[in-house]
Structures are given as C-alpha cells and as structure tokens.
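> Compute the structure for the input listed below.
(one chain, ligands or ions: 2)
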Amino acid sequence: MKVTPYSENCGAVVSELQLATLDDNQLAELRAVFAEYGLLFFRDQDLPPQEHLRFAQRFGTIVVNKFFKTSEESPLIAEVRKEKDQQTNIGGGWHTDHSYDEIPALGSILVARTLPTSGGNTQFANLAAAYDAMPDDLKKRIEGLRAIHSNKHLYGENGLYRLTDLASQLGGMDRVGDATHPVVIRHPESGRKVLYVNPGHTIQFEDWDFAESRKLLDELYMHVAQPQFTCSFNWLPGSVTFWDNRCTWHQADNDYQGQMRLMHRITLQGSELAAA
Ligand code: OGA
Ligand code: MN
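Ligands and ions are numbered 1, 2, ... in the order given. The predicted model follows:
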C-alpha cells in the first residue's frame, strides 16, 4: 500500500489497496497508518455493504448510532442521507461522532453511495496537530479540565435537528444523554496529546460557569478551525473515508441543494478516554 499525506496536517490517501480484499499483514499495516494519521482517504474502492461490514468487523467492534436511520442492507449501517427536497444535512457543523457517549467511538468508516454532481465535500480537522501548536498559556488554561458532552440539544425534544426537515429521518428521542471527558486526552494508540472538545457536542467545562465555558470553548474552536489544521475531501464514486473520532473533527458541506446525497456509515466502538 502507498500512503501519501493529504495536506500539511490533515489526513493521508491510502492507495494500491482494496479494503474488501486486504490480507492480515495489510490490515496490521493499516492499523499503524490509522494511528499515525487519524484520517485516511481511499479512492476507487469496491466496497458493497457486506464488504463494508466485513472490513469494519475485522478492524474493530461495530457500535450503532442511536439516532440515525439504518440502511436497508443492515441494521449496523447508518444512513447519512439528504433527499433532493431536503434543506438540512446531517453533520453540517464541526463535530466528532459520539463524544456524548461514556465510551466514545473509535472511528467512523464512511462510504459514498449517491453523490451530487458537485459539492458535498467533507471537511476535517486534526486535533492532535491543533493541540501541539497551541500557545503554552492556552495549554495551561485547559490543563486538568473536564468537559460535558451531550446530544440533547440536537436530538432531544425540541433539539435543533428535531426542528428541521431532517426530523422525520431521526429516531431515539428517548435515548439522549451526556458524558464527561478530559479536555486533553492521551490518544490510546498514538500516545499523542489531543484536544477533545468539539462545537457539536461539548456543552461546557465541568464545574464551570456556562458563559465562562463558552468563551474559552470559542477560543479553542477558533484555534482548531485554522486552515493549517483542516482539509476538505471531495467525494467521488468509490471513495471511502476512515476517521478517528478521538483526534479529528469533521463537517459536511451543504452546498448541493436540490440534489440527493447518500452515504453509508459504520462506527467502531472505542474505549474510555484517559487524561493526558
Ligand atoms: C457522519 C458525518 C459527514 C458527511 O457520517 O458522521 O458527519 O460528509 N458525515 O456526510
Ligand atoms: Mn459525523
């Protein structure tokens, strides 16, 4: 397999490899590359739903999203669907998947199924690189903090998504919940320090005033969203992206109104996150 960095700090393209047919040695190599980059892009894959499942199960343990519709092919595959006449998309703001769970997701494997003729990119950010580049005084200010992550404001009663035309696709209103995690985690595989807060799910710092929390969170978010830590991936038929939810953010561009976009997502279970 060939590994080519995608941009300065954001992702790598893995080529000369088919995810459906990799052997055990290639899988081991891929694990190491995944730990190093936290964000992998693949082109020209032949990965029908059963092969998507098989690759995911070889890599880890599947965890099912509590709110998304699942695909016809399998209850383990979540649909990230936007209909032609739908205005709101899933994941349109910076977030990382499942940070509201006590045991957050390791990663998500997203496969393109139906794409708009143009647009519909996914943007990513590297939270390990962003942490490393933070000014020392900012690192000091977040040392030892914990943050509360939730999904109630999105998927609960009157949650943001419930008030949009996405609502009819969503289930799980009674499955909302919170979790707290360290703000700086030690990545379980790479050993790197990572900033673990995200605009989609992080509510506030534990034992802090809400308004004070917002101020510091916004400062952190402004730092991460800079071009040197982010990249944009243009999907083509056969594209697959595999990101590590412990050290990346992502968001989906919503710039293809009037066209349909359908992706299949499988999410892998992670482990409890430890402070760095
Ligand atoms: C997701 C998600 C982004 C996209 O699948 O978790 O946020 O580009 N998707 O569809
Ligand atoms: Mn997502």
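
> for stretch 253-270, what is the average pLDDT?
For stretch 253-270, mean pLDDT rounds to 98.

> residues in contact with the closest residue to ligand 1 within the chain?
Nearest residue of the chain to ligand 1, counting by C-beta to the nearest ligand atom: residue 91, 2.5 Å away. From N, CA and C alone the C-beta is placed, and that goes for glycine too. Shown in contact with residue 91 (C-beta atoms under 8 Å, 6 or more residues apart in numbering): 80, 200, 250, 251, 252.

> Report whether stretch 228-247 contacts ligand 1.
No: Stretch 228-247 stays clear of ligand 1 (C-beta under 6 Å from any ligand atom), getting no nearer than 7.6 Å.

> in that stretch, what's buried?
229-231, 233, 235, 239-247 (16 or more other C-beta atoms under 10 Å).

> So is that stretch next to ligand 2?
No: on the criterion C-beta under 5 Å from the ion, stretch 228-247 is out of touch with ligand 2, staying 8.2 Å away.

> can you give me how far that stretch is from the chain middle?
Put simply, stretch 228-247 sits 9 Å off its chain's centre (C-alpha atoms, centre = their mean, to the nearest Å).

> Which strand or helix spans whichever residue of the stretch 51-200 of the chain sits closest to ligand 2?
The stretch 51-200 of the chain approaches ligand 2 most closely through residue 91 (4.0 Å), counting by C-beta to the ion. Using DSSP states H and E, residue 91 sits within no helix or strand.

> so is the closest residue to ligand 2 within the stretch 101-250 of the chain in a helix, a strand, or just coil?
Relative to ligand 2, the nearest point of the stretch 101-250 of the chain is residue 250 (5.7 Å; C-beta to the ion). With DSSP: H, G, I helix; E, B strand; the rest coil as the basis, residue 250 sits in strand.

> Report the separation between it and residue 163.
Distance, residue 250 to residue 163, using C-beta to C-beta, to the nearest Å: 23 Å.

> Okay, now the unreliable bits of the stretch 1-150 of the chain?
Applying pLDDT under 70 to the stretch 1-150 of the chain flags no residue at all.

> near ligand 1, which residues of it?
Going by C-beta under 6 Å from any ligand atom, the residues of the stretch 1-150 of the chain near ligand 1 are 80, 90, 91, 97, 108, 110, 122.

> Swap in 8 Å and give it another go.
78, 80, 89, 90, 91, 95, 97, 108, 110, 120, 121, 122 (C-beta under 8 Å from any ligand atom).

> Report the beta-bridge partners for the last one.
Listed by DSSP bridges, the beta-bridge partners for residue 122 are residue 233, residue 252.

> Ok, the second one next?
Using DSSP bridges, the beta-bridge partners of residue 80 come out as residue 263.

> Hmm, it is touching residue 69, no?
No: at 9.3 Å, residue 80 does not count as touching residue 69 under the criterion of C-beta atoms under 8 Å.

> of the two, who's got more company?
Neighbour count, other C-beta atoms under 10 Å: between residue 80 and residue 69, residue 80 has more, with 23 against 15.

> measure that one to residue 113 for me?
9 Å.

> same deal with residue 152?
Computed as C-beta to C-beta, the residue 152 to residue 113 distance reads 30 Å.

> Just to be sure, residue 223 is in a helix?
Yes: judged by three-state DSSP, residue 223 forms part of a helix.

> Go ahead and confirm it touches residue 134.
Yes: using C-beta under 8 Å, residue 223 makes contact with residue 134 at a distance of 6.2 Å.

> who's more crowded, these two?
Applying other C-beta under 10 Å to residue 223 and residue 134 shows that residue 134 carries more neighbours, namely 19 against 16.

> Who are the contact partners of that one?
Residue 134 neighbours (C-beta under 8 Å, 6+ apart): 195, 223.

> Noted, bye for now.
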